[in-house]
Structure formats: C-alpha cells, structure tokens
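Visitor: fold the following, please.
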Amino acid sequence: MAGEVLEKAKLAKAAAFKLANIPTEIKNKALEEMAKALEAGEKDILEANNVDIEAAQKKEMNRTLIDRLSLDGKRITDIIEGIKTVIELPDPVGHIIAKWQRPNGLEIMKRRVPLGVIGIVYESRPNVTVDSAVLCLKSGNATILRGGSDAINTNMILTKLISEAAEKVGFPLGAINLIESTDRESVTEMLKLDKYIDVIIPRGGAGLIKHTMENSTIPVIQTGEGNCHAYVEKTADQKKALEIVVNAKCQRPSVCNAIETLLVDGSIAKEFLPMIFKKLKELHVEIRGDEKAKAIDPSIKSATEDDWKTEYLALILAVKVVAGTDEAIKHINTYGTRHSETIITNDKAKAKMFTDEVDAAAVYVNASTRFTDGGEFGFGAEIGISTQKLHARGPMGLPELTSYKYIIHGNGQVRK
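Guide: Numbering: from 1, shown residues only. Here you go, the predicted structure:
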C-alpha cells in the first residue's frame with residue numbers, strides 16, 4: 001500500500017493550490033453539504049463503527065479506549081453541530097493582519113494564507129476525521145488523514161461522506177484524503193513526504209507523538225499528551241474543589257484534558273482528602289498516593305515516581321500532598337506536559353502566582369481542565385491542542401491553520 005500514501009500526497013498538493021483561492025461562500029456551502037451527508041448517513045456510520053467496536057472488544061481493548069472509539073447518535077449530532085459552528089466562524093484566509101507604508105513609498109501588507117497540505121496522524125477517535133477535514137477545508141488547506149487501525153471502518157465511511165459532499169460543490173479531488181493502509185510503515189512514509197506535505201499534526205498518546213517527532217522530515221506541531229493536574233490550595237472552597245476534581249478526572253477520563261494528578265495543600269489534606277477519596281472510590285477510581293496521602297487513607301495504593309509522569313487516560317488518579325503553592329507549581333512544571341492545569345483557590349495572589357508561573361497552554365482558576373477544547377473555547381471544532389510554543393499553542397482553530405505572506409506594492413523602487 002506504499003503507493004497509496006505517495007499518490008494521495010500528490011493529489012493533496014495539487015488540490016492545495018486550488019483550495020487557497022476558493023471563496024468563503026463556496027467553502028461554507030461545502031460544509032453545509034458535509035453536515036447533511038453525515039446526518040443522512042448516520043445509519044451507515046453507526047454500522048461501520050459497530051464493526052470497529054466489536055473488533056476492539058475481541059482484542060479486549062481497554063474500556064476507556066473503546067469509549068474514545070465509539071460513536072452514537074448524540075456524538076454524531078455533536079460532530080454535525082461542530083460543522084455548523086465552523087460555518088459561522090470568520091474565514092481567516094485573506095485577512096489583512098497589518099499594512100503600512102515605508103518612507104520610500106513601498107506599501108507592505110501582511111496577509112493570512114493557508115498552510116497548504118496538513119497531515120493528521122491520530123489514533124482511535126473518529127470524530128477527529130471530520131473535525132480535521134472541516135477546519136482544514138474552511139482554512140483553505142488540503143488534508144491527509146491517517147487514523148488508527150481500530151477505527152478504520154468508521155473513518156472510511158466518514159471520509160467517503162464528507163469528501164463526496166465537498167466534491168459535489170466543486171472542490172477538487174484530493175482536498176480530503178484518508179490513508180486506508182493500517183500498516184505502521186504508511187505513517188513512516190507519510191512523515192518523509194516533505195515535498196508534498198507542509199505540516200504534520202499528531203493526535204494521540206506519547207508513543208505516537210514520539211514516533212512522529214523522531215521520524216518526520218516535515219515540521220511537526222506537537223499536540224495531545226495531557227499529564228494534567230488540579231491543585232487544591234488551602235483557601236479553596238472545598239465543595240467547589242470536590243466538584244471540579246471529580247469532573248476533571250471522571251467526566252471523560254480517556255481524553256487528554258482530564259487530570260491525572262491531584263495536588264492538595266498539606267494544611268487541608270486531613271479534611272479534604274477523605275471527602276474526595278470517598279467520592280472517587282464511589283466512581284471506581286483507582287487512587288495512588290504519596291506517603292502523606294497514604295497516612296490519611298492506608299487503603300489507597302502507593303504512588304511511584306512513574307505515576308507522576310503518566311498519562312493514564314483511565315480511571316486512575318495520582319495524589320500528592322504539597323507544602324504550598326510553590327511546591328505545587330514546581331511539581332507541575334517538572335512532570336506536566338504543558339497541556340492544562342488548574343488551581344482551586346480563594347486567594348487572588350495565589351491564583352495570579354499560579355497563572356503566571358505554571359508553564360502550560362491552558363491555566364485555569366476555579367474551573368475544570370475539561371474545557372480545553374476548541375468547541376468550548378468558541379472555535380468550533382479543533383484540529384488539536386498544541387503543547388508547544390512555536391506558531392500555535394492550546395486548542396488550534398482556524399487562524400492557527402494559516403500562515404501569512406507579505407505582499408509589497410511599489411511604483412518602480414530599486415534598492416540603493
């Protein structure tokens with residue numbers, strides 16, 4: 001299947017030149033048709049997804065990973081609503097970022113342009129297939145999608161429906177491409193096609209991101225891995241803290257913005273930890289604590305050094321008792337993946353200290369980390385959550401899928 005990767009990369013490159021100049025109204029018409037196609041094709045989507053789920057169950061895949069893979073009527077509706085939100089968003093392509101005139105009369109304009117061809121390498125979540133294609137299309141980019149083998153049947157039907165919908169309104173063949181080969185070599189080959197692909201965005205766990213970073217000759221926007229923390233500071237409203245921690249861990253534990261470690265100020269640990277442990281145990285969360293946490297509840301497991309570094313993506317939570325905000329910040333900056341961090345506090349000075357000093361794409365005060373999401377930030381869907389600092393950081397919406405060019409007008413100027 002190696003030929004498939006190269007052929008689709010060539011198609012995408014050819015399509016990208018045309019996509020860069022498609023008017024906004026035509027892009028939005030394509031998105032409308034995509035939404036209609038998904039709505040009409042719900043039965044086929046669910047049937048394909050059921051095939052993937054049954055295969056995952058036979059392989060005895062982890063329950064939370066099956067949740068990432070699964071679609072139902074509500075999730076399909078959410079995907080469709082995400083498309084409709086993107087339709088309403090401003091088109092960044094052609095936006096004049098700045099404009100000025102030099103003393104020699106040259107008029108310089110800085111204008112947004114698409115990145116070109118964006119390669120997305122991702123794992124089980126089939127909603128990424130649609131989210132990525134939609135955002136790339138609206139921002140004038142061609143897309144090459146390479147999802148995981150676990151969701152191949154779902155991804156194939158989703159791509160068929162949305163690509164046919166786009167072509168129906170005049171989009172070029174190759175605007176949306178899915179690599180159907182599930183051989184890992186297809187990923188490695190894709191990462192070497194810098195002649196055709198302008199940027200790679202990996203969405204998945206640490207292994208996928210590491211493989212992409214180490215093997216790509218194409219610029220990579222690092223996304224996804226979320227070793228996130230909640231810190232309950234000593235002045236926190238403990239009822240509020242209880243609700244935030246439970247939501248951040250349990251609402252959907254298989255996603256990257258769920259917390260993996262809870263830090264609690266030592267002065268309130270004896271009061272707060274029994275309450276939160278009771279609630280977490282009721283929700284079947286496995287708790288792994290440091291010595292101070294175990295002294296309060298000997299029934300929990302002992303945390304190891306690896307627990308502070310691990311993105312569980314499951315109902316497992318590491319717990320550490322800290323001496324104060326300084327230690328909490330130091331722990332987060334040592335072990336965190338620069339994704340999403342939250343402090344629960346009533347001390348404005350400590351909140352400011354936390355937001356100023358914690359190095360992460362999204363830093364919260366008195367709110368769940370689960371809001372780090374393109375939809376929740378008002379971007380519609382997102383193509384990923386960047387945990388790096390160059391070009392884009394945090395949830396990546398339409399503007400983050402563009403670059404810019406300088407356009408200079410003169411009247412015969414020559415440099416002396």
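Visitor: CA only for contacts and neighbour counts going forward, please
Guide: Fine.
Visitor: verify the stated contact: Lys350 with Gly324.
Guide: No - when contacts are counted by Cα atoms under 8 Å, Lys350 is not listed as touching Gly324 (9.8 Å).
Visitor: strands of the stretch 201-350 of the chain, residue ranges please.
Guide: Counting by DSSP state E, counting those that start in this stretch, the stretch 201-350 of the chain has strands at residues 228-232, 259-265, 286-289, 301-302, 316-322, 340-344.
Visitor: next, the angle from the last one to strand 228-232.
Guide: Computed with axes from the mean of the first three to the mean of the last three Cα atoms, to 10 degrees, the direction of strand 340-344 lies at 10 degrees from that of strand 228-232.
Visitor: strand 340-344: how far from the chain's middle?
Guide: Its chain's C-alpha centre and that of strand 340-344 lie 18 Å apart, by Cα atoms, centre = their mean, to the nearest Å.
Visitor: helices or strands up against that strand?
Guide: Packing contacts for strand 340-344, counted by 3 or more Cα pairs under 8 Å, 6 or more residues apart in numbering; DSSP states H and E, involve strand 228-232, strand 362-365.
Visitor: returning to what we had before: between the strands of the stretch 201-350 of the chain, which gets nearest to Arg75?
Guide: Arg75 lies closest to strand 259-265 among those, at 22.4 Å (Cα to Cα).
Visitor: what is the mean pLDDT for that closest one?
Guide: Strand 259-265 shows an average pLDDT of 98 in the prediction.
Visitor: now swap in stretch 212-227 and tell me
Guide: Mean predicted lDDT for stretch 212-227 stands at 91.
Visitor: next, the buried residues of that stretch.
Guide: 212-213, 216-218, 220-227 (16 or more other Cα atoms under 10 Å).
Visitor: narrow the residues you listed to those in helices?
Guide: Thr212, Met213 (DSSP state H).
Visitor: which of the buried residues of stretch 212-227 sit farthest apart?
Guide: Thr217 and Asn227 (26.8 Å).
Visitor: which one of the buried residues of stretch 212-227 is nearest Gly147?
Guide: Scanning the buried residues of stretch 212-227 for proximity to Gly147, where the rule is Cα to Cα, the winner is Thr212, at 13.4 Å.
Visitor: do you know how far that closest one is from Pro126?
Guide: 20 Å (Cα to Cα, to the nearest Å).
Visitor: so the nearest residue to Leu242 once chain neighbours are set aside versus Gly410, what's the distance?
Guide: Among residues not flanking Leu242 along the chain, Ile276 sits closest, at 6.1 Å (Cα to Cα, 6 or more residues apart in numbering). Ile276 sits 67 Å away from Gly410, going by Cα to Cα.
Visitor: which residues does stretch 219-226 contact?
Guide: Residues outside stretch 219-226 that contact it (Cα atoms under 8 Å, 6 or more residues apart in numbering): 198-206, 209, 212-213, 256-259, 311, 336-340, 384-388, 392.
Visitor: can you list the domains in this structure?
Guide: For the chain, the structural domains run 2-221+396-409, 228-371, going by automatic domain parsing.
Visitor: so which of these is nearest Arg415?
Guide: domain 2-221+396-409 (9.6 Å).
Visitor: pull the distance from that closest one to the chain's centre.
Guide: Distance, stretch centre to chain centre, for domain 2-221+396-409: 12 Å (Cα atoms, centre = their mean).
Visitor: where are the low-confidence patches of this structure?
Guide: 1-2 (pLDDT under 70).
Visitor: how about 80 then?
Guide: Within the chain, the stretches with pLDDT under 80 are 1-2, 64, 124, 204-206, 224, 380-381.
Visitor: for Ile343, see how far away Ile259 is.
Guide: Ile259 is 12 Å from Ile343, by Cα to Cα.
Visitor: identify the contacts common to the two.
Guide: Ala230.
Visitor: give me the element Val187 is part of.
Guide: helix 184-190 (DSSP states H and E).
Visitor: measure the residue nearest to Leu242 to Ile296 for me?
Guide: 12 Å.
Visitor: my read is Ile407 is in a helix, agree?
Guide: No - counting by DSSP: H, G, I helix; E, B strand; the rest coil, Ile407 falls outside a helix, being strand.
Visitor: beta partners of it?
Guide: Beta-bridge pairing for Ile407 (DSSP bridges): Met109.
Visitor: my guess is it contacts Met109. True?
Guide: Yes - under the criterion of Cα under 8 Å, Ile407 makes contact with Met109 at 5.1 Å.
Visitor: looking at these two, which one has more neighbours?
Guide: Using other Cα atoms under 10 Å as the criterion, Ile407 and Met109 rank with Met109 on top: 18 against 11.
Visitor: just list the residues touching the more buried one, thanks.
Guide: Met109 sits next to Ile96, Ile97, Ala98, Lys99, Trp100, Tyr406, Ile407, Ile408 when contact means Cα under 8 Å, 6+ apart.
Visitor: try 7 Å this time
Guide: Neighbour list for Met109: Ile96, Ala98, Lys99, Trp100, Tyr406, Ile407, Ile408 [criterion: Cα atoms under 7 Å, 6 or more residues apart in numbering].
Visitor: next, the fourth one: phi, psi?
Guide: Listed backbone geometry of Trp100 is phi -160, psi 170, with angles given as degrees, to the nearest 10.
Visitor: mind checking how far the residue nearest to it when sequence neighbours are not counted is from Gln101?
Guide: Spatial nearest neighbour of Trp100, excluding adjacent residues (Cα to Cα, 6+ apart): Ile108 at 5.5 Å. Distance check for Ile108 against Gln101: by Cα to Cα, it reads 6 Å.
Visitor: kindly report the same for Ser267.
Guide: From Ser267 to Gln101 the distance is 60 Å (Cα to Cα).
Visitor: quick one on the thing from earlier: is it true that the residue nearest to Trp100 touches Ile97?
Guide: No - taking contacts as Cα atoms under 7 Å, Ile108 lies outside contact range of Ile97: 11.0 Å.
Visitor: so between these two, which is more surrounded?
Guide: Ile108 (16 against 13).
Visitor: in contact with the more buried one, which residues?
Guide: The contact partners of Ile108, taken as Cα under 7 Å, 6+ apart, are Lys99, Trp100, Gln101, Tyr406, Ile407, Ile408, His409.
Visitor: now, the most widely separated pair of these?
Guide: Gln101 and Tyr406 (12.6 Å).
Visitor: still on that earlier bit, okay, and the common contacts of Ile108 and Ile97?
Guide: By Cα under 7 Å, 6+ apart, no residue touches both Ile108 and Ile97.
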